[in-house]
Each structure stands twice: as C-alpha cells, then as structure tokens.
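Engineer: return a 3D structure for these sequence lines:
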Amino acid sequence: EVEAVEARQDLQGVDPRPLQAHRDGETVKVDLTGPKNYSFDVEPGKVIKPVAEGTYKYKYGACGEKFSGEITVKDDLQWLVIEQCPGAKIYTKFVVDSHLPDPLTVSLVGPVNYNLSVELGSNKYLSMQTGFYTYSYTACGGTYGGEVRITKNGAARLTLYGCEVVDFKLAFATPDAPTNLRIGSHYGFPITMSLQGPRVYSLQVLPGLNRFDLFPGTYSYSFTAYGVFKTGSFTIGEGTVAFIISPNR
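Structural biologist: Here you go, the predicted structure:
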C-alpha cells in the first residue's frame with residue numbers, strides 16, 4: 001500500500017488507476033501501450049502499479065515465450081495475471097506385456113505421441129513422458145484400444161492378450177447373444193457414433209431404439225449433431241447398457 005500511495009503522489013495530475021500484476025517464479029518485464037506508455041518489472045508475488053485509466057495493449061516475455069493482449073483499467077483494481085511456468089516434464093518407465101506371438105505396433109496418443117514396437121513377452125520403455133494416453137493396436141483380425149496412465153513411479157504397464165482370450169470374449173458378442181448395448185435416439189435423423197475401446201466401431205444410430213452387440217469392455221463414444229460435438233463413455237459387462245442421446249442434453 002505504501003508503494004502505491006507514493007506512486008500516486010509522483011503521478012499527480014494524470015488520473016492514475018491501480019494495475020495489479022502477479023507472478024510466481026521469475027521477474028517479468030511488462031510493457032503497456034495506451035493512454036500513456038509504461039514499462040515495469042514484475043517481481044514474484046503481487047505488485048501494484050498505478051497507471052492512467054483507459055485501455056492498454058500489453059506484452060511480456062515469460063517461460064521462453066512472448067505474450068500479448070489487451071486490458072482495460074478502470075476505477076477498481078484490474079488483474080493482469082502472469083501464469084507460472086509449467087513444471088519440468090517427467091519421464092519414466094512403461095511396460096507392455098504381450099501374449100501375441102507376432103510383432104506389432106502400439107500407438108499412444110497423449111502428452112506425446114508414441115508408436116511402440118512390441119514383441120512377444122515383456123517390453124520395457126525407459127523414457128516415456130507421464131500422463132494419460134489412449135492406445136490402439138491391430139491384432140487377431142481387429143483393432144483394439146483403451147486408455148492407460150503412465151505414472152511417475154514407473155509401475156504402469158499394459159497387457160495385450162492372446163487371440164484365444166479375445167476369441168473367448170468375442171463369443172459374448174455374436175448375433176445370437178443377448179443385446180449388450182441399447183441406444184435411444186431423440187434425433188430425427190441417423191447419427192454416426194464412433195466408439196473407441198477394446199475394439200473400434202462406427203455405429204449408425206437411427207431415430208428411436210437401437211440395439212448393438214459389442215465386444216465387452218469400456219468405451220468412449222463421440223458424435224456430432226446440429227454442429228455440436230458430444231462425447232461420453234460406458235462399460236459393457238455381463239448386463240445390458242442403455243442410454244439416450246438427445247439434442248436437449
């Protein structure tokens with residue numbers, strides 16, 4: 001408060017208004033261009049700088065990047081928040097256990113995209129960035145996928161099951177088996193829904209009640225209708241899963 005009062009005394013006659021800026025970490029130089037031009041350093045923490053009322057263009061450099069924008073300073077304190085630089089990226093071990101006899105590629109999409117060459121047995125990758133990933137691979141006559149989290153303790157692992165296990169699970173998804181998924185659609189036209197999970201599907205969802213037999217597991221779904229992109233998820237186990245898609249939801 002003392003610093004702000006002293007600054008106001010130094011700027012008498014220019015109708016100063018307080019500008020607040022906040023920075024955790026390094027000192028940042030901020031340039032303001034507007035009714036008057038200002039240039040000042042922002043130390044870590046909260047800094048109050050009185051400036052003339054009006055709209056300003058600002059620019060500053062932080063975290064190895066340049067930032068710019070516009071801010072309007074009025075009677076009340078206006079915040080210019082300079083975000084803290086993101087923490088250092090963490091890399092760790094990730095293991096893929098494959099029960100499939102033939103070599104294949106597992107694709108990971110997340111903080112970084114990877115294409116992992118996988119062979120029968122335990123495959124160790126020693127420098128993988130931590131975070132959440134979706135994975136997919138082709139084997140046993142189909143495409144399979146899901147989600148995996150690579151954690152900093154290096155304990156994350158993914159298991160690719162042999163075709164005999166996949167064939168056993170597929171027995172629950174034959175046309176003669178009970179319906180595993182029911183989707184009720186309130187749209188007046190067909191919807192194309194994409195599913196990503198143990199297998200990848202593209203479903204044609206018609207108005208009314210739709211029944212599908214799917215490979216058991218957890219799926220994320222997405223579709224676009226009336227220009228709106230919608231997503232969700234569900235798990236197919238021993239019972240039947242049902243949900244509604246509607247323009248009102």
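Engineer: what helix or strand is Glu164 located in?
Structural biologist: Element membership of Glu164 [criterion: DSSP states H and E] is helix 163-170.
Engineer: helix or strand next in line after that helix, which one?
Structural biologist: Past helix 163-170, the next helix or strand by DSSP H and E is strand 181-185.
Engineer: list the buried residues for that following strand?
Structural biologist: Leu181, Ile183, Ser185 (16 or more other CB atoms under 10 Å). (Glycine included, C-beta is placed from N, CA and C.)
Engineer: check contacts around the second one.
Structural biologist: Ile183 sits next to Met193, Leu203, Val205, Leu209, Asn210, Phe212, Ala242, Phe243, Ile244, Ile245 when contact means CB atoms under 8 Å, 6 or more residues apart in numbering.
Engineer: rerun at 10 Å
Structural biologist: Going by CB atoms under 10 Å, 6 or more residues apart in numbering, Ile183 touches 191, 193, 203, 205-206, 208-212, 221, 234, 241-245.
Engineer: so for it, what's the pLDDT?
Structural biologist: The score at Ile183 is 90. That number is its pLDDT.
Engineer: could you measure from it over to Gly110?
Structural biologist: To Gly110, Ile183 is 28 Å away according to CB to CB, to the nearest Å.
Engineer: hmm, back to that, among the contacts of Ile183, name the ones in helices.
Structural biologist: Taking DSSP state H, every one of the contacts of Ile183 sits outside helices.
Engineer: nearest residue to Gly154 in space, ignoring adjacent ones along the chain?
Structural biologist: Lys93 (3.9 Å; CB to CB, 6 or more residues apart in numbering).
Engineer: count the residues that sit near Tyr137.
Structural biologist: Neighbourhood size, Tyr137 [other CB atoms under 10 Å]: 21.
Engineer: might one say that it is in contact with Tyr161?
Structural biologist: No: at 11.2 Å, Tyr137 does not count as touching Tyr161 under the criterion of CB atoms under 10 Å.
Engineer: so what's Lys124 bridging to?
Structural biologist: As for beta bridges, Lys124 partners with Val95 under DSSP bridges.
Engineer: where does this protein have low pLDDT?
Structural biologist: The model of the chain has pLDDT under 70 over residues 1-26, 75-77, 87, 165-179, 237-239.
Engineer: what segments of it are helices?
Structural biologist: With helices called from DSSP H, the chain shows them at 2-10, 163-170.
Engineer: residues shared between the contacts of Tyr137 and Tyr161?
Structural biologist: By CB under 10 Å, 6+ apart, the residues touching both Tyr137 and Tyr161 are Ser98, Leu100, Tyr144.
Engineer: how about the contacts made by the closest residue to the first one other than its chain neighbours?
Structural biologist: Read it as Ser98. Computed as CB to CB, 6+ apart, the closest residue to Ser98 that is not its neighbour in sequence is Leu160, at 4.5 Å. Applying CB under 10 Å, 6+ apart to Leu160 gives the contacts 96-100, 104, 106, 118, 120, 123, 135, 137, 139-140, 144, 166.
Engineer: report the separation between Leu160 and Phe189.
Structural biologist: Leu160 sits 39 Å away from Phe189, going by CB to CB.
Engineer: among the contacts of Leu160, which one lies nearest to Lys230?
Structural biologist: Of all those, Lys230 sits closest to Tyr135, with 23.0 Å by CB to CB.
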